[in-house]
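Engineer: Starting from these lines, generate the structure:
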Amino acid sequence: MNANPVEPLRLMQVTERALDYSDNVIVILEPVSAGGSELHIVAVNGAFCRAFRMTAQDATGRTLASLAAEENDPALVAAIADAVAARRSLRTEMRCRNGEGVSFWFRLHLMASVDAGT
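Structural biologist: Below you'll find the model as predicted:
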């Protein structure tokens, strides 16, 4: 084991670069309100920007629901909301809309991550 841990700021910078080079869409979300099931985007990677045809600045602050296409099954939308509220992982496919309004299939893997202080 390395006796010299990576400085937290440096680790964050390296992590951001690695996420940006990933071909997988990565979206980091936070609840709009404490304990709520509505999530807003706080960060995205380059793969997200390419798939959704919007800049990270345009995506930040949007809700997860704002990316979903209207043609999704209401049961699927409810299952996603339930997983978010329960902080459970979920894998599914759903329809999304990109920044140009074009609908496409998207494979969603939702993972809850809780800060150590919460």
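
Engineer: Specify the beta-bridge partners of Leu29.
Structural biologist: Ile41 (DSSP bridges).

Engineer: Tell me the confidence at it?
Structural biologist: If you check Leu29, the pLDDT there is 82.

Engineer: Please tell me I have it right and it contacts Ile41.
Structural biologist: Yes. Assessed by Cβ atoms under 8 Å, Leu29 is found in contact with Ile41 at 5.9 Å. Any C-beta I mention is one placed from the backbone N, CA and C, and that applies to glycine too.

Engineer: Please enumerate the shared neighbours of these two.
Structural biologist: Leu64 (Cβ atoms under 8 Å, 6 or more residues apart in numbering).

Engineer: Centre-most residue in the protein?
Structural biologist: In the chain, the residue lying closest to the centroid (Cα atoms, centre = their mean) is Val27, at 2.6 Å.

Engineer: List the contacts of that residue.
Structural biologist: Taking Cβ under 8 Å, 6+ apart as the test, what Val27 contacts is 41, 43-44, 48, 59, 64.

Engineer: hmm, 7 Å instead?
Structural biologist: Applying Cβ atoms under 7 Å, 6 or more residues apart in numbering to Val27 gives the contacts 41, 44, 48.

Engineer: Low-confidence bits of the chain, can you list those?
Structural biologist: 1-6, 34-37, 114-118 (pLDDT under 70).

Engineer: Which parts of it are strands?
Structural biologist: Counting by DSSP state E, the segments of the chain that form strands are 27-31, 39-44, 90-97, 103-110.

Engineer: Export only the CA atoms of the last one, formatted as CSV.
Structural biologist: The reference is to strand 103-110. What follows is strand 103-110, C-alpha atoms only, in CSV (Å, rounded to 0.1, in the frame of the first residue of the first chain):
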residue,chain,number,x,y,z
SER,A,103,-35.7,11.1,-29.0
PHE,A,104,-33.3,8.1,-28.5
TRP,A,105,-33.0,5.0,-26.4
PHE,A,106,-30.7,5.4,-23.4
ARG,A,107,-29.4,2.7,-21.0
LEU,A,108,-29.6,4.0,-17.5
HIS,A,109,-27.6,2.7,-14.6
LEU,A,110,-28.5,4.7,-11.5
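
Engineer: Thanks a lot, catch you later.
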